[in-house]
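K.L.:
next come a sequence and a model predicted from it.
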Amino acid sequence: MRGMPLCPPQHTVPTASQLYLCRYMPTDLLSLLRRDHTDLQKELTQLLDPTASVALLRSSLDGVRLGLTAHAEAEDIVLSRYESVPGLEMLVAQARAAHLAQEHALSALVCSRPGTVTWRNHAAHLRDLVRYHALQEEQTLLPALRAHLADYPQLAGAFATERLRQLAMLQPSAPYVMSQLAG
Ligand SMILES: [Fe+2]
Ligand SMILES: [Fe+2]
């Protein structure tokens with residue numbers, strides 16, 4: 001996802017998503033992931049609003065693009081060290097496959113014209129993928145990580161650090177102040 005080019009319907013807008021403003025940082029991995037999952041589904045729902053202006057749709061899409069990319073990249077990097085741990089191999093592989101499917105769906109959405117039927121179909125599909133991804137991780141992957149890993153308490157910090165590092169490397173379509181991306 002990193003470095004994904006903007007397609008013709010996407011333009012720079014004066015304001016961007018407010019999802020990633022500085023907030024309280026949870027110290028539990030489940031809380032961190034759940035917050036991202038919830039935020040992403042809210043922003044994807046905004047993309048389905050037929051009354052939203054094109055500027056608002058573009059702003060929301062920017063939030064989805066940054067948030068989903070940083071979230072998935074951070075998860076992949078943190079989980080990659082456990083891909084050979086007995087009992088976790090399949091779950092880590094499933095998480096990676098889910099991220100690839102989301103990346104494909106996001107690419108289709110970014111390249112569609114805001115507010116069209118095609119746009120809403122792509123947004124609805126991506127929201128379905130994120131919703132399924134959230135259920136899988138929160139109800140299956142996280143309990144398995146907690147059961148198998150002695151260093152589970154450290155994963156929240158590792159994820160938060162990697163997510164912030166990914167956000168710092170991404171190029172928003174609208175101006176961000178880096179200090180606002182911390183939480
Ligand atoms: Fe996730
Ligand atoms: Fe994931």
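P.N.:
Everything's here; your move. It should be emphasised that the depicted structure is a prediction, and the values quoted were computed from it without experimental measurement. Numbering: from 1, shown residues only. Ligands and ions are numbered 1, 2, ... in the order given.
K.L.:
helix or strand right after the helix ranked longest in the chain?
P.N.:
The longest helix of the chain (DSSP state H) is helix 54-80. Toward the C-terminal end, the helix or strand that comes next after helix 54-80 (DSSP states H and E) is helix 89-110.
K.L.:
if we can go back for a sec, starting at the chain centroid, how far to the longest helix of the chain?
P.N.:
On the basis of C-alpha atoms, centre = their mean, to the nearest Å, helix 54-80 sits 4 Å off its chain's mean C-alpha point.
K.L.:
also stretch 34-54?
P.N.:
Distance, centroid of stretch 34-54 to centroid of chain: 12 Å (C-alpha atoms, centre = their mean).
K.L.:
is any residue of that stretch near ligand 2?
P.N.:
No. Interface with ligand 2: stretch 34-54 contributes nothing (C-beta under 5 Å from the ion), its closest point being 8.5 Å away. Every residue, glycine included, has its C-beta placed from N, CA and C.
K.L.:
who's in contact with that stretch?
P.N.:
17, 19, 26, 56-57, 60-61, 63-64, 67-68, 71, 109, 114-115, 119-120, 123-124, 126-127, 130-131, 133-134, 137-138, 163 (C-beta atoms under 8 Å, 6 or more residues apart in numbering).
K.L.:
could I get the average pLDDT for it?
P.N.:
Stretch 34-54 carries an average pLDDT of 95.
K.L.:
what does the chain have sitting close to ligand 1?
P.N.:
Applying C-beta under 5 Å from the ion, one finds that the chain approaches ligand 1 through 33, 137.
K.L.:
what ranges of the chain fall below the confidence cut-off?
P.N.:
Scanning the chain with the threshold set as pLDDT under 70 gives 1-26, 173-183.
K.L.:
contacts only, for the residue nearest to residue 126 when sequence neighbours are not counted.
P.N.:
Closest residue to residue 126 apart from its sequence neighbours, by C-beta to C-beta, 6 or more residues apart in numbering: residue 105 at 4.2 Å. Residue 105 makes contacts with 122, 125, 126, 129, as judged by C-beta under 8 Å, 6+ apart.
K.L.:
neighbours of the last one, how many?
P.N.:
This points to residue 129. For residue 129, the neighbour count with other C-beta atoms under 10 Å is 20.
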